[in-house]
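**Student:** Okay, predicted coordinates and the sequence, questions at the end:
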Amino acid sequence: MSRLSLRCSVLYAVLAMVTLSCPTLVKAEGGCPQGQYPIGGQGVQGCAPIPSGGGVAAPARPSGKWIKTWGAISLSPDGASGAAAGRLSKSEAVRDAIAVCANSGGRACAASFTYKHQCAAAAVPGAGAGGTSFAGSPTIEQSKKMVLERCEAKGGLNCRVVYSECSEPIYQSY
């Protein structure tokens, strides 16, 4: 190796050590600290935080809770019926369903089916055996399908849905 190339190698090594051993201040774009970007113009300069999520603010979370509700179906021996949905308690749903049954002329009305936070259906046969059938599920369509299958399984013929309703939850804000 020639003396000139040796001197250049030593010089580069010394410069590298000096550069690496000296603390340096690293500034982000426009002289702003890390996590910020320059704002302003026309001689007025400042820094602002870089928004997270690509500049789109996160949506506010709703403050509140879902309250599950009850439904009930009541029947009387003389054929009258009543129903209630969307009540805050089972006892309230039963009470209101019995009241509807009694107001329609029923005697000795009693709760025959209760459901919470779902849909329900009732079906009666047009002929054959079996009385009123009930089913509850997440959707009205499922409830209707299930109740018709139950009615037929009990010996009913020409079963038809006579009631279907959902007891939807209620959102309560704080």
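**Tutor:** Thanks, I have it. Fair warning: this is a prediction, and the values are worked out from it, not measured in the lab.
**Student:** Mind checking the pLDDT average for stretch 146-153?
**Tutor:** Mean pLDDT, stretch 146-153: 96.
**Student:** err, stretch 132-140, not the other one
**Tutor:** Stretch 132-140 shows a mean pLDDT of 96.
**Student:** So what touches it?
**Tutor:** Residues outside stretch 132-140 that contact it (Cβ atoms under 8 Å, 6 or more residues apart in numbering): 73, 75, 81, 112-113, 115, 118-124, 143-144, 146-147, 150-151, 154, 156, 159, 162, 164-166. Where you see a C-beta, it was placed from the backbone N, CA and C, and this is true even at glycine.
**Student:** got any ranges where this structure has weak pLDDT?
**Tutor:** Where the chain drops to pLDDT under 70, the residues are 1-30, 41-44, 52-58.
**Student:** For it, just list every one of the strands.
**Tutor:** Using DSSP state E, the strands found in the chain span residues 36-41, 44-49, 64-67, 70-75, 81-87, 110-116, 119-124, 127-128, 133-137, 156-157, 160-166, 170-173.
**Student:** CA atoms of the first one as CSV?
**Tutor:** The one in question is strand 36-41. The C-alpha atoms that make up strand 36-41 are tabulated as CSV, following Å, rounded to 0.1, in the frame of the first residue of the first chain:
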residue,chain,number,x,y,z
GLN,A,36,-44.1,16.4,15.1
TYR,A,37,-44.2,18.3,11.8
PRO,A,38,-43.7,21.9,10.8
ILE,A,39,-46.7,24.2,10.5
GLY,A,40,-47.1,27.8,9.6
GLY,A,41,-45.7,29.9,6.8
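**Student:** Excluding sequence neighbours, find me the nearest residue to the residue most central in space within the chain.
**Tutor:** In the chain, the residue lying closest to the centroid (Cα atoms, centre = their mean) is W66, at 9.3 Å. Spatial nearest neighbour of W66, chain neighbours left out: P169 (4.5 Å); criterion: Cβ to Cβ, 6 or more residues apart in numbering.
**Student:** With G155 instead?
**Tutor:** A129 (3.2 Å).
**Student:** Would you agree the one you found is in contact with C151?
**Tutor:** No - with contact defined as Cβ atoms under 8 Å, A129 and C151 do not form a contacting pair (10.0 Å).
**Student:** Between these two, which is the more surrounded one?
**Tutor:** More neighbours surround C151 than the other of A129 and C151, with 27 against 9 (other Cβ atoms under 10 Å).
**Student:** Is it correct that Y163 is in contact with C119?
**Tutor:** No - using Cβ under 8 Å, Y163 makes no contact with C119, being 10.9 Å away.
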